[in-house]
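> could you look at this predicted model? Sequence included:
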Amino acid sequence: GTPTALMVGSGMGAEKGILIRNGEAVQTFKDIKVIAFDKTGTITKGKPEITDLLPMEGVDKNDLLYVAATIENASEHPLAHAIVESAKANNVDLGKVNEFNAIVGKGVVGYVDGEKVLVGNRKLMKENDVNFSKQQDKLVQLENEAKTAMMVAKENTLMGIVAVADPIKEDSAQAIAEIERMGIRTAMITGDNNRTANAIGKKVGISSVISEVLPDGKVNEVKRLQEKYNIVAMVGDGINDAPALKQSNVGIAIGTGTDIAIEAADVTLVKGELSGIISAINLSTATFRKIK
Ligand code: ADP
Ligand code: MG
């Protein structure tokens, strides 16, 4: 559940859906030089959907979906949910998976009907000697469309490509533009590939994109930003964001995110809209002007 929150600034924060659990953070808000955002669930809705299902020649489309969804049913990643949901919507029944393993930042591996299956990115395919050289152009095209492209392989042979897109939250671009107008730099930190990350960054007007970061690498990226810009805020929703939220000078959790992120943060945006950050900065500036 939501942690007990301390309201400051004459309850104005609560009205705007900003819960403050660390009073000092309110003061720090006015000194922020850069705000780092997680991508999935923070800038985007965190609810990706399949956009493309591209079987290789001779592979049945439903078989590709069956194999991918069967293994992804064992994963808790938002990308996995997108694939499983699509199988359900297409009345594709799932099989059983054995020896399932999630490989951080790369994908998943397991056995479906006794055959080794991989679903994931280039790194995962390269490690398993899956040849995808003929699909490079297609992957690049999908990624430039801000989609996350995953490959599916059976017995180390490529079966096809599954691409998903995670819609951007309605107010992300506007909030980021407003933050930049306030003279605060914006950055995005994500595990997603460079091209997809840049395509999304461009759509929302983020000034710097840090991509292909492993989950435990986010905290180091925040440290690096602190060395350069001193006062850094971090905004995130996931379990993986908790250490980075703690490391940052102002940790901001998305209210619709995980409890672990909320507990690690100084401030929670109850509504999940990024515009709450602007209200918080304005609140901080106004409050401390009055005290002086
Ligand atoms: P993020 O949370 O920013 O999306 P992750 O570190 O969770 O980043 O994932 C990084 C990349 O690893 C994904 O973009 C995808 O290519 C691959 N990946 C992770 N989990 C899965 C999964 N369950 N199925 C397929 N690919 C995955
Ligand atoms: Mg996230």
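Noted; the coordinates are in hand. Ligands and ions are numbered 1, 2, ... in the order given.
> quick one: low-confidence parts of the stretch 151-292 of the chain?
289-292 (pLDDT under 70).
> what ranges do the helices span in it?
Counting by DSSP state H, counting those that start in this stretch, the stretch 151-292 of the chain has helices at residues 172-181, 194-204, 218-229, 242-247, 259-264, 275-291.
> could I get those as TSV with distance to ligand 2 and mean neighbour count?
Every residue, glycine included, has its C-beta placed from N, CA and C. Shown next, in TSV, are the helices of the stretch 151-292 of the chain (distance: least, C-beta to the ion, whole Å; neighbours: other C-beta atoms under 10 Å):
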stretch	distance to ligand 2	mean neighbour count
helix 172-181	13	18
helix 194-204	12	19
helix 218-229	10	18
helix 242-247	11	22
helix 259-264	8	20
helix 275-291	16	18
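> for Gly58, give me its contacts.
Gly58 makes no contacts at all, as judged by C-beta atoms under 8 Å, 6 or more residues apart in numbering.
> again, only using 10 Å
Listed by C-beta atoms under 10 Å, 6 or more residues apart in numbering, the contact set of Gly58 reads Met159.
> how about Lys106?
118-127, 191, 214.
> one more time with 8 Å, if that's ok
120-121, 123-124, 127.
> which of those are buried?
For those, a burial check counting by 16 or more other C-beta atoms under 10 Å picks out 120-121, 124.
> could you look up the SS state of the residue most central in space within the chain?
The C-alpha lying nearest the average C-alpha coordinate of the chain belongs to Thr40 (C-alpha atoms, centre = their mean; 2.0 Å). Under DSSP: H, G, I helix; E, B strand; the rest coil, Thr40 falls in the helix class.
> please dump the contacts of Lys106 into CSV; it should also carry distance to Asn91 for every row.
Listed next are the contacts of Lys106 as CSV, based on distance: C-beta to C-beta, whole Å:
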residue, distance to Asn91
Gly120, 26
Asn121, 28
Lys123, 33
Leu124, 28
Glu127, 34
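> which of those fall in strands?
Gly120 (DSSP state E).
> pull the most distant pair out of the contacts of Lys106.
Farthest pair in those (C-beta to C-beta) is Asn121 and Glu127. Separation: 10.3 Å.
> let me see the contact set for the residue of the chain found nearest ligand 1.
Relative to ligand 1, the nearest point of the chain is Gly191 (2.4 Å; C-beta to the nearest ligand atom). Residues near Gly191 by C-beta under 8 Å, 6+ apart: 105, 211-215.
> on that earlier part again, okay if I get the helices of the stretch 151-292 of the chain as JSON lines plus distance to Val84?
Putting the helices of the stretch 151-292 of the chain into JSON lines (distance: least, C-beta to C-beta, whole Å) gives the following:
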{"stretch": "helix 172-181", "distance to Val84": "26"}
{"stretch": "helix 194-204", "distance to Val84": "21"}
{"stretch": "helix 218-229", "distance to Val84": "26"}
{"stretch": "helix 242-247", "distance to Val84": "26"}
{"stretch": "helix 259-264", "distance to Val84": "23"}
{"stretch": "helix 275-291", "distance to Val84": "31"}
